[in-house]
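Visitor: how does the following fold in three dimensions:
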Amino acid sequence: MSNSPWAKPVEPRHQAVLLGPTLDERIPPNDDIRRLDALLNEVDWSAWEKKYDLRRGQPPIHPRLVAGTILFCLMRGFRSSRRMEDATGRRIDMMWFLEGRTIDHSTLCEFQQKFAEELPPLFAEIGRRAAALRPRKEAVCVGVDGTRERANSDRHGARTAASLERRLKEVADKSEALLRELATTDLLDAATEALEAGDETLADKADAAAIHAQLEALEHQRTKLQTALERARERDEAKQRNDGPSATPVRVPVTDSDAHLLPNKEGGYAPNYTAMVVVDLNSGAILDASIADGGDEAGALAPTVKAAGECLDAPVEAVVADGNFATGENLEHFDGAEGRATLYSPATPTVAPAAIRDDPTQPVEENKWNDLPVNRHAKTKTTTLAREAFLYDASADCFYCPQGRRLRCASREDRATRKGGRVARRRYKCDNCDDCPLSSRCRGPGGVRPRTVSRDEHQPYRDNLVKRMSDPASKALYARRAPMVEGVFGVIKHVMDVRRFLTRGRAKVACEWKWVCMAFNTRKILRGGPTAAPQPAGPTIGGRWRLLEAFSQTLCDHFRFFRPLSCPN
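Guide: As a prediction, this is how the structure comes out:
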């Protein structure tokens, strides 16, 4: 092999090394693991330390090291606790960080849920540090959005309430049959005595143990089905309040009943969670991470924005979100009280340009009739003039149709919302539609009832949103949403490989999502932090050679046959 044209090994596997490099010398001076170690050393871990019992058992590994291992592995795309355990024993940077310790996968898995109460303060601390990377030259503006993340549940295991009731009855019948079998063969007492005495001679013990195992499995299945049935009934009631008594029954995943069947972007439906983030538009840091209730992203807007302000300890002045968040309740919350943030979101004009005229009592010109907006009804395959073709007069509290006829307030009612609240709504009815030249277009072919138009209590806030979004500065602010917020989801899904959750239950999933988003912020700090990582503090190879040279000189003074070593350059 001496004449081989290939490169020779630098460090042969079986070569004994007298003065080998230390772990500290193997890690580059500005490596991410050094920055992570310096970052976590600045965090107060006293609340985490209080959960450990230091009086019994082996000394535990400090929570700073366990949390750092989880964050570093999440940044590298290692989500499984077993892959994290493998990294602690194989990766040189993990060996340096843990100083030769290894962490079991069960410890890493339990750690993420054990400190669920202590996690939000740590998340806020990391978020503030990530947001401080860029100097703030403007007011606090945040972008809010949600994304679908697959739940840890069988895609085809969702059932309706009626199906769950039938399945529960089948489980109950099987359990009763097994109990009758135990009673008739008189195996219950014999199995109990055998288990207590440890007697392996009873011939019926194996049969009894098998039956007990089946009963335990059925009881576990019954618990899951009962939980799913309760969720299905709750969601059916909520859907019936919104869609009426004839609403389609909701299907609930049995494996993870907290998940919801939501549409996937790639097509079809599957058990999903809606993961929310609030991103600082100035720095791109995640200020809050939460799990919305089902697909109700809009309902989670106000709490998440409040949490983002608490994270920065500064009021949020502008919220940028897509059109799904511009509900009446959110517009009233943000624009209806002084001192709250202003919501910027795409807004549909409440009045069509073709319907605008100086005097609303005068009809629209006939050459503009075809430009009036219409609503298309799929069931009847007909079209009617849309609400945007009617002008509202706030001073007279009435509408004017495209022919200039008045629609007076005919009734008032409260409409139920998805969350069980009530929204006041008024209905306006035309006095006479019979001789109107637009009657067939306005009421549809064959329409005989007078035309009605509704207006709820949130419509003034929608009108204000339309005016606000017509300003070029508002459009420029909204244009910053997609690169920041969608970029966050792109990194989390494509770089960190987070496309589905590993835990079950909304509480555990919310905790897992906070760990993922905190790892994103940590990654941003390590990549863009101005502070340099601490330099290696241990002795260098040259320093160790000089120590060995001095020691050899001492040996020369005592032994004449010993030759001193010379330090290499």
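
Visitor: make it CA atoms for all contacts and neighbour counts henceforth
Guide: Will do.

Visitor: which residues of the stretch 301-450 of the chain fall in helices?
Guide: When secondary structure is read from DSSP state H, counting those that start in this stretch, the stretch 301-450 of the chain shows helices at 301-312, 328-335, 439-443.

Visitor: just give me the lowest mean pLDDT stretch among those helices.
Guide: Sorting these by mean pLDDT places helix 439-443 lowest, at a mean of 85.

Visitor: helices and strands around that helix, which ones?
Guide: strand 382-385 (3 or more Cα pairs under 8 Å, 6 or more residues apart in numbering; DSSP states H and E).

Visitor: name the helices or strands packed onto the strand it packs on?
Guide: strand 374-377, helix 439-443.

Visitor: most packed of the ones you listed?
Guide: Using mean count of other Cα atoms under 10 Å, the stretch among these with the largest mean neighbour count is helix 439-443, at a mean of 20.

Visitor: now it: how far from the chain's centre is it?
Guide: With Cα atoms, centre = their mean, to the nearest Å as the basis, helix 439-443 stands 47 Å off its chain's centre.

Visitor: and the contacts of that helix?
Guide: 383-385, 433, 446-447, 449-451 (Cα atoms under 8 Å, 6 or more residues apart in numbering).

Visitor: ok, back up a step: a markdown table for the helices and strands packed on strand 382-385, including distance to Thr69?
Guide: Below are the helices and strands packed on strand 382-385 laid out as a markdown table (distance: least, Cα to Cα, whole Å):
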| stretch | distance to Thr69 |
| --- | --- |
| strand 374-377 | 56 |
| helix 439-443 | 65 |
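
Visitor: who wins for proximity to Val351 among the helices of the stretch 301-450 of the chain?
Guide: helix 439-443 (15.6 Å; Cα to Cα).

Visitor: and after the closest one, which helix or strand comes next?
Guide: strand 452-456 (DSSP states H and E).

Visitor: could you check the angle helix 328-335 makes with that next one?
Guide: Here strand 452-456 runs at an angle of 40 degrees relative to helix 328-335 (axes from the mean of the first three to the mean of the last three Cα atoms, to 10 degrees).

Visitor: send the alpha carbons of whichever helix or strand comes after strand 452-456 over as CSV?
Guide: Per DSSP H and E, the first helix or strand lying C-terminal to strand 452-456 is helix 459-469. Taking C-alpha atoms only, helix 459-469 is exported to CSV below (Å, rounded to 0.1, in the frame of the first residue of the first chain):
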residue,chain,number,x,y,z
GLN,A,459,-70.6,46.2,9.1
PRO,A,460,-69.3,49.7,10.1
TYR,A,461,-66.0,48.0,11.0
ARG,A,462,-65.8,46.3,7.6
ASP,A,463,-66.4,49.7,6.0
ASN,A,464,-63.5,51.1,8.0
LEU,A,465,-61.3,48.3,6.9
VAL,A,466,-62.1,48.9,3.2
LYS,A,467,-61.1,52.6,3.6
ARG,A,468,-58.0,51.7,5.6
MET,A,469,-56.8,49.2,3.0
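
Visitor: pull out the buried residues from helix 459-469.
Guide: 461-462, 465-466, 468-469 (16 or more other Cα atoms under 10 Å).

Visitor: pick out the most distant pair among the residues you listed.
Guide: Tyr461 and Met469 (12.3 Å).

Visitor: which helix of the chain spans the most residues?
Guide: helix 205-243 (DSSP state H).

Visitor: could you tell me how far that one lies from the centre of the chain?
Guide: With Cα atoms, centre = their mean as the basis, helix 205-243 stands 27 Å off its chain's centre.

Visitor: ok, the residue nearest to Pro363 when sequence neighbours are not counted - contacts?
Guide: Spatial nearest neighbour of Pro363, chain neighbours left out: Gln403 (3.9 Å); criterion: Cα to Cα, 6 or more residues apart in numbering. By Cα under 8 Å, 6+ apart, the contact list for Gln403 reads 361-364, 436, 438.
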